[in-house]
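# Model the structure of this input:
(chains A and B)
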There are 2 protein chains.
Amino acid sequence: MIATFVVGTTATARIDGISAAGAAPEMMRHTPAADAEIVTYGRPVFAPTTPVSPSGCPTPSIVTRAVLDHLSVDAMVLDAGLAARTAAPTVSIETSPGDDVRAERPVPNAEVAYEAGAKVGRAITDEELLIGESIPGGTTTAMGVLTALGEPNGVSSSLPANPLERKRSIVEDGLDASGVEPGGLAGRPMAAVERMGDPVLATVAGLLAGATEAGTSVTLAGGSQMVAAAALARHAGVDASLTLATTSFVEADDAFDLRAASDALDLSTGVTDPGFDADDHVAFERYRRGEAKEGVGMGGALWLADRAGVPMADVRDRIVEYYDDLMVDDGSE
Amino acid sequence: MIATFVVGTTATARIDGISAAGAAPEMMRHTPAADAEIVTYGRPVFAPTTPVSPSGCPTPSIVTRAVLDHLSVDAMVLDAGLAARTAAPTVSIETSPGDDVRAERPVPNAEVAYEAGAKVGRAITDEELLIGESIPGGTTTAMGVLTALGEPNGVSSSLPANPLERKRSIVEDGLDASGVEPGGLAGRPMAAVERMGDPVLATVAGLLAGATEAGTSVTLAGGSQMVAAAALARHAGVDASLTLATTSFVEADDAFDLRAASDALDLSTGVTDPGFDADDHVAFERYRRGEAKEGVGMGGALWLADRAGVPMADVRDRIVEYYDDLMVDDGSE
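Below you'll find the predicted structure:
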């Protein structure tokens, strides 16, 4: 088993009010680089601080790292357009940060990113591969891709009140700018990313295509964004069985229909409840209120923990340790 | 235990006749990127081919990988100036390929590389750290640094006939161009790298300084280049105990005095003989003739295998498997 994390950035994330993946908009560019460091080292190294939402919700990467501490799973990070340096070892996918989804071609090198992801996927010799992501604004580009492909396009949100109408309006602007009709890029997955997506989606789709081709069993760790990646792979002709592992928070999001997505794309699903209701520590408070929900492989990591028989109480204890460590002293230098 | 590999390139490697780290001079720029892939995946992925010397000696990275297959040791790669893409996950040290050692300042950002290495070293939470390298032409820059610091400056070679006088002449040219006297930069290690070294040396020195500061036990896996890195760390005030683990091939090189180096720099040493004389497979032939000798952590990996009780015959069997796999079909696509 190896856990991979595909991380990147876009100008889409700078659109006001669509993402909670940073304390302030100017901090969001650091979030994926910091998340990569936290899953690798357990703390920020080059990154200035531990990512939090505007209301102080800690990044789900500490949940993922807390699980990895309980299991013997290697982490590997793919850089699909970071905007800040990271001390985590990363596979450099030959791509740049994505442009604004309202541009005509926000991801001009989607095909290159897909092929690089596929090469890495084919090189992985582990029996099982978990894929997570960190890209602020990623549910909006996921909606863009799902719409262009003509798949169910309801998406979840890292905000407690999902700004769904705002996202739909942004995606409509993007479709207009790209000259694409809903469903108009069915069967042309990399065209869909190029016009409406982000470089992380292209890379995840390639990674899972390459890995399944090599006989590796793939679990997509996340919600709407991983559904979009699965849709891309399906439209690229990948028919291997795929599992989507996410959190109970995503399942509970009315804007996102997990059942419809899994039916449309033939995905097995695993939903894990980390039991944050059972602990009144401040680390869990914002999650209980519906913030974050998912990200950096959180749902897949929890699913792995559950499968391995690690009690959720032990996972929560470790999360609290990270929270106390990283929120009091943020670990940067 | 984590095994790290610091990889990079310089224009020094393009000087005729000083390195065997590539079938031809124009292939050498790919060697460290390919080595990083081989220790990570067991084969080249983005790299066009498996590195060999002009006479066909296979890269020592297959020896290191063969050992890692027998042990449960994570590999981590630091990119200190690669000139080609690699599919291996790498920590990106903010540096570029080094210039020719005969330039005035071949490594202008030595200090930055040292500090980045130190940050990564402090972030490593393993009890033990092994450090290997891959940088063509590295023994010449090692000689440059050792000379500038005033330490014993005999160095080993990847060629069967060590072009020692050629290296001395290059180093003299470098000293002239940099306005440095032998020993003139004692106590100023990053000035020595900036004027006479390569970015890998700066990064290894920083990595070991940061790791030992954090209480991690460090083993330098290599010969002359790791002696130069140790010298840099000592001149930077690092007084932690350090082990140098290398091969019997390096120990047997008359140009390099392992005892003098370990005495001068207070290093424990471990020398491992992989028993290549016991097997007449073609994979070992060039090593038996004195080629390669060391590199990509080979000596340290063999030392780990020995310590863990892995029979050298088992290591050799695995090397043969890699050789047959990578030399017949070079694994690239």
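
# okay, CA-based contacts and neighbour counts for the rest of this
Fine.

# Which parts of the stretch 101-250 of chain A are helices?
Remark: helices assigned in the stretch 101-250 of chain A by DSSP state H, counting those that start in this stretch are A:110-123, A:138-149, A:164-178, A:189-196, A:199-213, A:224-235, A:248-251.

# so can I have a markdown table of the ones you listed showing mean pLDDT?
Listed next are the helices of the stretch 101-250 of chain A as a markdown table, based on pLDDT from 0 to 100:
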| stretch | mean pLDDT |
| --- | --- |
| helix A:110-123 | 97 |
| helix A:138-149 | 98 |
| helix A:164-178 | 97 |
| helix A:189-196 | 98 |
| helix A:199-213 | 98 |
| helix A:224-235 | 98 |
| helix A:248-251 | 96 |
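
# how close does the residue lying closest to A:G187 once chain neighbours are set aside get to A:A229?
Using C-alpha to C-alpha, 6 or more residues apart in numbering or on different chains and skipping residues adjacent in sequence, the residue nearest A:G187 is A:H235, 4.8 Å away. Here A:H235 is placed at a distance of 10 Å from A:A229 (C-alpha to C-alpha, to the nearest Å).

# Over to A:L82?
19 Å.

# follow-up on the earlier one: so between A:H235 and A:A229, which is more surrounded?
Applying other C-alpha atoms under 10 Å in any protein chain shown to A:H235 and A:A229 shows that A:A229 carries more neighbours, namely 26 against 18.

# Contacts only, for that one.
A:A229 makes contact with A:142, A:201-202, A:204-205, according to C-alpha atoms under 8 Å, 6 or more residues apart in numbering or on different chains.

# if we go to 7 Å?
With contact set as C-alpha atoms under 7 Å, 6 or more residues apart in numbering or on different chains, A:A229 has these partners: A:201, A:204-205.

# Could you do A:R286 as well?
Neighbour list for A:R286: A:C57 [criterion: C-alpha under 7 Å, 6+ apart].

# Without its sequence neighbours, what residue ends up closest to A:L302?
A:T272 (6.2 Å).

# Test my guess that that neighbour contacts A:T246.
Yes: in this structure A:T272 lies within contact range of A:T246 using C-alpha atoms under 7 Å: 6.5 Å.

# before we move on, back to that, what is the burial count for the residue nearest to A:L302?
A:T272: 23 neighbours (other C-alpha under 10 Å).

# what separates it from A:G300, distance-wise?
A:T272 is 8 Å from A:G300, by C-alpha to C-alpha.

# The strand or helix carrying A:I62 packs against which elements?
Element membership of A:I62, judged by DSSP states H and E, is helix A:61-70. Judged by 3 or more C-alpha pairs under 7 Å, 6 or more residues apart in numbering or on different chains; DSSP states H and E, the packing partners of helix A:61-70 are helix A:31-41, helix A:298-307, helix A:312-328.

# For the shortest one, give the mean pLDDT please.
It refers to helix A:298-307. Helix A:298-307 comes out with an average pLDDT of 98.

# for chain B, what are the nearby residues on chain A?
Residues of chain A lying near chain B by C-alpha under 7 Å from any C-alpha of the partner chain: A:41, A:45, A:76-77, A:87-92, A:119-120, A:123-124.

# are any of these buried, and which?
A:41, A:45, A:76-77, A:87-92, A:119-120, A:123-124 (16 or more other C-alpha atoms under 10 Å in any protein chain shown).

# For those, give me JSON lines that also has distance to A:P160.
Formatted as JSON lines, these follow (distance: C-alpha to C-alpha, whole Å):
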{"residue": "A:Y41", "distance to A:P160": "29"}
{"residue": "A:V45", "distance to A:P160": "29"}
{"residue": "A:M76", "distance to A:P160": "30"}
{"residue": "A:V77", "distance to A:P160": "28"}
{"residue": "A:A87", "distance to A:P160": "31"}
{"residue": "A:A88", "distance to A:P160": "30"}
{"residue": "A:P89", "distance to A:P160": "32"}
{"residue": "A:T90", "distance to A:P160": "31"}
{"residue": "A:V91", "distance to A:P160": "33"}
{"residue": "A:S92", "distance to A:P160": "33"}
{"residue": "A:K119", "distance to A:P160": "37"}
{"residue": "A:V120", "distance to A:P160": "35"}
{"residue": "A:A123", "distance to A:P160": "39"}
{"residue": "A:I124", "distance to A:P160": "37"}
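
# Can you point out the buried residues in stretch A:227-238?
Buried residues in stretch A:227-238, counted by 16+ other C-alpha under 10 Å: A:227-236, A:238.

# helix or strand for A:T269, which one?
For A:T269, the host element (DSSP H and E) is strand A:267-272.

# Can you get me a residue count around the nearest residue to A:V320 once chain neighbours are set aside?
What sits nearest to A:V320 in space, not counting adjacent residues and going by C-alpha to C-alpha, 6+ apart, is A:A283, at 6.3 Å. Other residues within reach of A:A283, judged by other C-alpha under 10 Å, total 21.

# My guess is A:A283 contacts A:E321. True?
No: using C-alpha under 7 Å, A:A283 is not in contact with A:E321; the gap is 9.6 Å.

# quick one, what contacts the spatially most central residue of chain A?
Central residue of chain A (C-alpha atoms, centre = their mean): A:E133, 3.0 Å from the mean position. When contacts are counted by C-alpha under 7 Å, 6+ apart, A:E133 touches A:5-7, A:295-297.

# Out of those, who's the most crowded?
Using other C-alpha under 10 Å as the neighbour test, these are led by A:G297, with 33 neighbours.

# so who does the nearest residue to that one once chain neighbours are set aside touch?
Nearest residue to A:G297, sequence neighbours excluded (C-alpha to C-alpha, 6+ apart): A:G132, at 3.9 Å. For A:G132, the contacting residues are A:4-6, A:220-222, A:296-297, by C-alpha under 7 Å, 6+ apart.
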